[in-house]
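For reference, the sequence and a predicted model appear below.
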Amino acid sequence: MTANVPLIVRVLASSVSVANRAGKIVRDVMSKGELGIVEKGKDDYQTEADRSAQRCIVASLAAQYPKVNIIGEEDQPDNETGLFATLHPQPGTWKVIDGDIASDLIISDADKEILGLDCPIHLQGVKEEDIVVWVDPLDGTSEYTQGFLEHVTVLIGISVNEKPVAGVIHQPYYKTMLGGEKIIGRTIWGLQEVGVGGFTPAPPPDSLIITTTRSHSNPLVEKALQVMNAAQVLRVGGAGYKVLQLLEGKASIYVFASSGCKKWDTCAPEAVLTAAGGKLTDILGDFYKYGGGESKPNKTGVLAAVNGELHNYALKRIPQELKDALANK
(Lines give C-alpha, C1' and ligand atoms only; values in the text may rest on other atoms or scores of the structure.)
Protein backbone atom coordinates (compact mmCIF):
# COMPACT_ATOMS: atom_id res chain seq x y z
CA MET A 1 0.00 0.00 0.00
CA THR A 2 1.47 3.33 -1.07
CA ALA A 3 -0.41 5.00 1.78
CA ASN A 4 2.21 3.57 4.13
CA VAL A 5 5.06 5.10 2.12
CA PRO A 6 6.30 8.46 3.48
CA LEU A 7 4.96 11.44 1.55
CA ILE A 8 8.35 12.69 0.28
CA VAL A 9 9.11 9.29 -1.24
CA ARG A 10 5.66 9.19 -2.88
CA VAL A 11 6.05 12.68 -4.35
CA LEU A 12 9.46 11.74 -5.74
CA ALA A 13 8.11 8.49 -7.19
CA SER A 14 5.24 10.39 -8.83
CA SER A 15 7.63 13.03 -10.14
CA VAL A 16 9.77 10.42 -11.87
CA SER A 17 6.74 8.97 -13.65
CA VAL A 18 5.38 12.35 -14.71
CA ALA A 19 8.83 13.51 -15.87
CA ASN A 20 8.97 10.52 -18.20
CA ARG A 21 5.61 11.52 -19.68
CA ALA A 22 6.69 15.15 -19.98
CA GLY A 23 9.77 14.03 -21.88
CA LYS A 24 7.60 12.22 -24.41
CA ILE A 25 5.54 15.39 -24.84
CA VAL A 26 8.74 17.33 -25.56
CA ARG A 27 9.75 14.81 -28.22
CA ASP A 28 6.26 14.69 -29.75
CA VAL A 29 6.08 18.46 -30.18
CA MET A 30 9.46 18.48 -31.92
CA SER A 31 8.52 15.59 -34.20
CA LYS A 32 5.38 17.44 -35.35
CA GLY A 33 7.52 20.43 -36.30
CA GLU A 34 5.15 23.06 -34.90
CA LEU A 35 7.05 24.49 -31.93
CA GLY A 36 4.74 27.45 -31.28
CA ILE A 37 7.63 29.70 -30.23
CA VAL A 38 6.81 32.80 -28.18
CA GLU A 39 9.40 35.32 -26.98
CA LYS A 40 8.71 36.04 -23.29
CA GLY A 41 11.62 38.47 -22.98
CA LYS A 42 15.07 39.15 -24.35
CA ASP A 43 16.65 35.77 -25.16
CA ASP A 44 13.82 34.10 -23.23
CA TYR A 45 11.64 31.81 -25.30
CA GLN A 46 8.73 29.47 -24.75
CA THR A 47 7.39 26.71 -26.97
CA GLU A 48 4.34 24.46 -27.10
CA ALA A 49 6.56 21.81 -25.51
CA ASP A 50 7.11 24.08 -22.47
CA ARG A 51 3.38 24.71 -22.13
CA SER A 52 2.16 21.14 -22.67
CA ALA A 53 4.84 19.56 -20.50
CA GLN A 54 3.98 21.91 -17.64
CA ARG A 55 0.27 21.12 -18.04
CA CYS A 56 1.14 17.47 -17.61
CA ILE A 57 3.48 17.89 -14.64
CA VAL A 58 1.42 20.36 -12.66
CA ALA A 59 -1.97 18.78 -13.26
CA SER A 60 -0.67 15.30 -12.43
CA LEU A 61 1.04 16.29 -9.19
CA ALA A 62 -1.75 18.64 -8.10
CA ALA A 63 -4.33 15.88 -8.58
CA GLN A 64 -2.43 13.57 -6.26
CA TYR A 65 -1.10 16.14 -3.78
CA PRO A 66 -3.60 19.03 -3.71
CA LYS A 67 -2.00 20.88 -0.79
CA VAL A 68 1.51 20.91 -2.21
CA ASN A 69 2.65 24.32 -3.49
CA ILE A 70 3.69 23.84 -7.13
CA ILE A 71 5.60 26.63 -8.86
CA GLY A 72 6.26 26.28 -12.58
CA GLU A 73 8.24 28.42 -14.98
CA GLU A 74 5.24 28.95 -17.24
CA ASP A 75 2.74 29.83 -14.49
CA GLN A 76 1.78 33.33 -15.55
CA PRO A 77 -1.23 33.51 -17.90
CA ASP A 78 -0.83 35.52 -21.08
CA ASN A 79 -3.58 36.65 -23.45
CA GLU A 80 -1.54 35.97 -26.56
CA THR A 81 -0.05 32.61 -25.70
CA GLY A 82 -3.04 31.27 -23.76
CA LEU A 83 -0.96 29.83 -20.95
CA PHE A 84 -3.00 27.35 -19.06
CA ALA A 85 -2.92 27.81 -15.34
CA THR A 86 -2.10 29.86 -12.31
CA LEU A 87 -2.25 29.23 -8.57
CA HIS A 88 -5.80 30.23 -7.62
CA PRO A 89 -6.83 31.11 -5.01
CA GLN A 90 -4.52 29.13 -2.68
CA PRO A 91 -1.12 27.54 -3.37
CA GLY A 92 -1.57 24.04 -4.70
CA THR A 93 -5.04 24.71 -6.17
CA TRP A 94 -4.92 24.95 -9.95
CA LYS A 95 -7.48 26.63 -12.17
CA VAL A 96 -7.57 25.69 -15.86
CA ILE A 97 -7.76 28.80 -18.02
CA ASP A 98 -8.06 27.49 -21.57
CA GLY A 99 -10.19 24.39 -21.07
CA ASP A 100 -9.90 20.96 -19.51
CA ILE A 101 -6.55 19.23 -19.56
CA ALA A 102 -6.58 16.14 -21.76
CA SER A 103 -6.88 12.92 -19.78
CA ASP A 104 -3.72 11.48 -21.29
CA LEU A 105 -1.76 14.30 -19.66
CA ILE A 106 -2.84 13.27 -16.16
CA ILE A 107 -0.33 10.71 -14.87
CA SER A 108 -1.16 8.84 -11.66
CA ASP A 109 1.62 6.25 -11.79
CA ALA A 110 4.48 6.19 -9.31
CA ASP A 111 7.88 4.61 -9.85
CA LYS A 112 7.84 1.33 -7.94
CA GLU A 113 11.59 1.24 -7.32
CA ILE A 114 11.47 4.60 -5.56
CA LEU A 115 8.43 3.62 -3.52
CA GLY A 116 10.65 0.95 -1.93
CA LEU A 117 13.28 3.42 -0.73
CA ASP A 118 13.99 4.03 2.95
CA CYS A 119 13.04 7.59 3.77
CA PRO A 120 15.44 9.64 5.94
CA ILE A 121 14.04 9.89 9.47
CA HIS A 122 13.82 13.69 9.46
CA LEU A 123 11.67 13.64 6.30
CA GLN A 124 9.24 10.94 7.39
CA GLY A 125 6.78 13.33 9.04
CA VAL A 126 6.64 15.89 6.22
CA LYS A 127 3.12 17.04 5.26
CA GLU A 128 1.86 18.32 1.91
CA GLU A 129 1.72 21.88 3.25
CA ASP A 130 5.48 21.69 3.98
CA ILE A 131 6.43 20.95 0.37
CA VAL A 132 7.20 23.32 -2.49
CA VAL A 133 7.77 21.77 -5.93
CA TRP A 134 9.71 23.83 -8.48
CA VAL A 135 9.06 22.83 -12.10
CA ASP A 136 10.99 23.67 -15.24
CA PRO A 137 9.09 21.71 -17.89
CA LEU A 138 11.79 22.29 -20.50
CA ASP A 139 15.17 23.51 -19.32
CA GLY A 140 17.19 24.68 -22.31
CA THR A 141 14.37 26.06 -24.48
CA SER A 142 16.79 28.07 -26.61
CA GLU A 143 18.82 24.91 -27.28
CA TYR A 144 15.60 23.02 -28.03
CA THR A 145 14.66 25.50 -30.75
CA GLN A 146 18.19 25.46 -32.18
CA GLY A 147 18.55 21.68 -32.34
CA PHE A 148 20.95 21.14 -29.42
CA LEU A 149 18.60 18.49 -28.10
CA GLU A 150 21.07 16.69 -25.81
CA HIS A 151 21.12 19.86 -23.65
CA VAL A 152 17.38 19.69 -22.95
CA THR A 153 16.08 18.45 -19.59
CA VAL A 154 12.84 18.31 -17.61
CA LEU A 155 13.38 19.44 -14.01
CA ILE A 156 11.21 18.74 -10.94
CA GLY A 157 12.69 19.90 -7.61
CA ILE A 158 11.13 19.10 -4.23
CA SER A 159 11.91 21.38 -1.29
CA VAL A 160 11.04 21.21 2.40
CA ASN A 161 11.69 24.07 4.82
CA GLU A 162 13.24 26.03 1.95
CA LYS A 163 15.83 23.32 1.20
CA PRO A 164 15.87 21.02 -1.87
CA VAL A 165 15.59 17.47 -0.54
CA ALA A 166 14.71 15.52 -3.69
CA GLY A 167 14.77 16.09 -7.41
CA VAL A 168 14.35 14.67 -10.89
CA ILE A 169 16.39 15.43 -14.01
CA HIS A 170 14.92 13.83 -17.14
CA GLN A 171 16.73 13.87 -20.49
CA PRO A 172 14.17 13.39 -23.28
CA TYR A 173 16.81 12.84 -25.98
CA TYR A 174 19.30 10.63 -24.17
CA LYS A 175 19.89 7.49 -26.23
CA THR A 176 21.37 4.16 -25.22
CA MET A 177 21.17 0.48 -26.18
CA LEU A 178 19.73 -2.12 -23.83
CA GLY A 179 19.52 -5.74 -24.92
CA GLY A 180 19.88 -4.74 -28.54
CA GLU A 181 17.04 -2.23 -28.27
CA LYS A 182 17.45 1.54 -28.54
CA ILE A 183 16.17 3.30 -25.44
CA ILE A 184 15.29 6.99 -25.70
CA GLY A 185 15.10 9.13 -22.60
CA ARG A 186 16.77 8.88 -19.20
CA THR A 187 15.53 9.87 -15.76
CA ILE A 188 17.95 10.60 -12.93
CA TRP A 189 16.68 11.21 -9.40
CA GLY A 190 18.18 12.11 -6.07
CA LEU A 191 16.97 11.94 -2.47
CA GLN A 192 18.74 13.52 0.49
CA GLU A 193 20.77 11.00 2.55
CA VAL A 194 19.74 8.18 0.18
CA GLY A 195 21.68 8.88 -3.01
CA VAL A 196 20.93 9.00 -6.72
CA GLY A 197 19.29 6.61 -9.13
CA GLY A 198 18.95 6.24 -12.88
CA PHE A 199 22.70 6.08 -13.41
CA THR A 200 25.99 5.77 -11.53
CA PRO A 201 27.90 9.03 -10.92
CA ALA A 202 31.42 9.10 -12.33
CA PRO A 203 34.56 10.50 -10.65
CA PRO A 204 35.67 14.00 -11.70
CA PRO A 205 38.12 14.36 -14.60
CA ASP A 206 41.85 14.36 -13.86
CA SER A 207 42.25 17.95 -15.07
CA LEU A 208 40.13 20.94 -14.02
CA ILE A 209 37.24 21.28 -16.47
CA ILE A 210 34.60 23.99 -16.04
CA THR A 211 31.07 23.95 -17.44
CA THR A 212 29.26 27.23 -18.03
CA THR A 213 26.64 29.00 -20.12
CA ARG A 214 26.55 28.58 -23.88
CA SER A 215 24.59 31.72 -24.75
CA HIS A 216 24.30 34.06 -21.74
CA SER A 217 27.82 35.28 -21.18
CA ASN A 218 28.97 38.75 -20.09
CA PRO A 219 32.21 40.29 -18.67
CA LEU A 220 31.50 39.06 -15.12
CA VAL A 221 30.86 35.52 -16.37
CA GLU A 222 34.10 35.53 -18.34
CA LYS A 223 36.14 36.98 -15.46
CA ALA A 224 34.93 34.23 -13.12
CA LEU A 225 36.00 31.64 -15.69
CA GLN A 226 39.44 33.16 -16.20
CA VAL A 227 40.40 33.03 -12.52
CA MET A 228 39.70 29.29 -12.32
CA ASN A 229 42.80 28.36 -14.34
CA ALA A 230 40.86 25.53 -15.93
CA ALA A 231 42.32 23.17 -18.50
CA GLN A 232 39.07 23.37 -20.48
CA VAL A 233 35.77 25.26 -20.47
CA LEU A 234 32.62 23.52 -21.72
CA ARG A 235 29.88 25.90 -22.89
CA VAL A 236 26.52 24.14 -22.82
CA GLY A 237 22.87 25.05 -22.38
CA GLY A 238 20.55 24.46 -19.43
CA ALA A 239 21.30 24.28 -15.71
CA GLY A 240 20.16 20.67 -15.60
CA TYR A 241 22.57 19.64 -18.33
CA LYS A 242 25.46 21.50 -16.69
CA VAL A 243 24.93 19.61 -13.43
CA LEU A 244 24.77 16.37 -15.42
CA GLN A 245 28.21 17.26 -16.79
CA LEU A 246 29.43 17.18 -13.18
CA LEU A 247 27.66 13.94 -12.32
CA GLU A 248 28.95 12.21 -15.45
CA GLY A 249 32.58 13.14 -14.77
CA LYS A 250 32.83 15.41 -17.82
CA ALA A 251 33.42 18.55 -15.73
CA SER A 252 34.53 19.38 -12.20
CA ILE A 253 32.92 22.75 -11.51
CA TYR A 254 29.92 24.71 -12.82
CA VAL A 255 30.48 28.48 -12.79
CA PHE A 256 27.92 31.10 -13.80
CA ALA A 257 28.54 34.60 -12.41
CA SER A 258 25.29 36.13 -13.57
CA SER A 259 21.65 36.47 -12.56
CA GLY A 260 20.18 34.49 -15.46
CA CYS A 261 19.03 31.37 -13.56
CA LYS A 262 15.77 30.98 -11.65
CA LYS A 263 14.74 28.76 -8.74
CA TRP A 264 13.09 26.23 -11.07
CA ASP A 265 16.42 25.92 -12.91
CA THR A 266 18.43 24.96 -9.84
CA CYS A 267 16.13 23.27 -7.29
CA ALA A 268 16.14 19.82 -8.88
CA PRO A 269 19.81 19.93 -9.98
CA GLU A 270 20.89 21.03 -6.50
CA ALA A 271 18.89 18.22 -4.88
CA VAL A 272 20.35 15.57 -7.19
CA LEU A 273 23.91 16.91 -6.98
CA THR A 274 23.77 17.12 -3.18
CA ALA A 275 22.45 13.55 -2.96
CA ALA A 276 25.51 12.50 -4.99
CA GLY A 277 27.92 14.29 -2.64
CA GLY A 278 28.24 17.55 -4.55
CA LYS A 279 27.45 21.13 -3.62
CA LEU A 280 25.57 24.01 -5.28
CA THR A 281 25.42 27.59 -4.00
CA ASP A 282 25.51 31.09 -5.38
CA ILE A 283 28.80 32.76 -6.35
CA LEU A 284 29.11 34.13 -2.81
CA GLY A 285 28.97 30.61 -1.35
CA ASP A 286 25.47 31.03 0.09
CA PHE A 287 22.70 28.49 -0.40
CA TYR A 288 19.54 29.56 -2.17
CA LYS A 289 16.21 29.18 -0.37
CA TYR A 290 13.34 27.42 -2.12
CA GLY A 291 10.33 28.40 -0.05
CA GLY A 292 7.11 29.36 -1.80
CA GLY A 293 7.56 33.04 -0.97
CA GLU A 294 11.10 33.35 -2.31
CA SER A 295 11.83 35.54 -5.31
CA LYS A 296 12.25 33.54 -8.50
CA PRO A 297 15.60 34.87 -9.83
CA ASN A 298 18.93 33.53 -8.58
CA LYS A 299 20.44 37.00 -8.55
CA THR A 300 23.92 36.06 -7.40
CA GLY A 301 24.73 33.35 -9.91
CA VAL A 302 25.55 29.67 -9.54
CA LEU A 303 28.63 27.85 -8.29
CA ALA A 304 28.51 24.05 -8.18
CA ALA A 305 31.04 21.26 -7.88
CA VAL A 306 31.18 17.49 -7.61
CA ASN A 307 32.42 17.72 -4.01
CA GLY A 308 33.01 20.21 -1.23
CA GLU A 309 36.75 20.41 -1.83
CA LEU A 310 36.38 21.54 -5.44
CA HIS A 311 33.58 23.91 -4.49
CA ASN A 312 35.80 25.49 -1.86
CA TYR A 313 38.62 25.82 -4.40
CA ALA A 314 36.36 27.63 -6.86
CA LEU A 315 34.88 29.88 -4.19
CA LYS A 316 38.36 31.00 -3.07
CA ARG A 317 39.43 31.71 -6.66
CA ILE A 318 36.68 34.25 -7.27
CA PRO A 319 37.91 37.78 -6.39
CA GLN A 320 35.98 39.69 -3.75
CA GLU A 321 35.42 42.60 -6.15
CA LEU A 322 33.69 40.22 -8.56
CA LYS A 323 31.47 38.91 -5.77
CA ASP A 324 30.66 42.47 -4.72
CA ALA A 325 29.86 43.50 -8.28
CA LEU A 326 27.41 40.63 -8.67
CA ALA A 327 25.84 41.12 -5.24
CA ASN A 328 25.26 44.83 -5.91
CA LYS A 329 23.80 44.52 -9.40
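All right, it came through fine.

what is the mean pLDDT for stretch 253-265?
The average pLDDT for stretch 253-265 rounds to 94.

can you check stretch 283-295 too?
On average, stretch 283-295 scores 96.

Please state the offset of that stretch from the chain centre?
Offset of stretch 283-295 from its chain centre (CA atoms, centre = their mean, to the nearest Å): 15 Å.

And stretch 147-157, by the same measure?
9 Å.

contacts for stretch 18-31?
Outside stretch 18-31, the residues that touch it by CB atoms under 8 Å, 6 or more residues apart in numbering are 35-36, 47-49, 52-53, 56-57, 60-61, 105, 107, 137-138, 144, 149, 152, 154, 156, 168, 170-173, 184-185, 187. Just so you know, the C-beta spots here come from the backbone N, C-alpha and C atoms, and that holds for glycine as well.

What's the PyMOL line that selects buried ones from the residues you listed?
Buried subset of the contacts of stretch 18-31, written as a PyMOL selection, criterion 16 or more other CB atoms under 10 Å:
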select buried, resi 35+47+48+49+52+53+56+57+60+61+105+107+137+138+144+149+152+154+156+168+170+171+172+173+185+187
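
Now, the contacts of stretch 18-31 that are in strands?
137, 138, 154, 156, 168, 170, 171, 172, 173, 184, 185, 187 (DSSP state E).

can you pull the contacts of the fifth one?
Contacts for residue 168 (CB under 8 Å, 6+ apart) come out as 12, 15-16, 19, 154-157, 187-189, 268, 272.

In JSON lines, list the residues you listed along with pLDDT and distance to residue 257.
Shown next, in JSON lines, are the contacts of residue 168 (pLDDT from 0 to 100; distance: CB to CB, whole Å):
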{"residue": "12", "pLDDT": "98", "distance to residue 257": "32"}
{"residue": "15", "pLDDT": "98", "distance to residue 257": "30"}
{"residue": "16", "pLDDT": "98", "distance to residue 257": "33"}
{"residue": "19", "pLDDT": "97", "distance to residue 257": "30"}
{"residue": "154", "pLDDT": "97", "distance to residue 257": "26"}
{"residue": "155", "pLDDT": "98", "distance to residue 257": "21"}
{"residue": "156", "pLDDT": "98", "distance to residue 257": "27"}
{"residue": "157", "pLDDT": "98", "distance to residue 257": "22"}
{"residue": "187", "pLDDT": "97", "distance to residue 257": "30"}
{"residue": "188", "pLDDT": "98", "distance to residue 257": "26"}
{"residue": "189", "pLDDT": "98", "distance to residue 257": "29"}
{"residue": "268", "pLDDT": "98", "distance to residue 257": "22"}
{"residue": "272", "pLDDT": "98", "distance to residue 257": "22"}
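
any idea which of those is the one closest to residue 249?
Nearest to residue 249 among the contacts of residue 168 is residue 188, at 13.9 Å by CB to CB.

For that closest one, which non-adjacent residue is spatially closest?
residue 198 (3.8 Å; CB to CB, 6 or more residues apart in numbering).

any idea how far that neighbour lies from residue 19?
10 Å (CB to CB, to the nearest Å).
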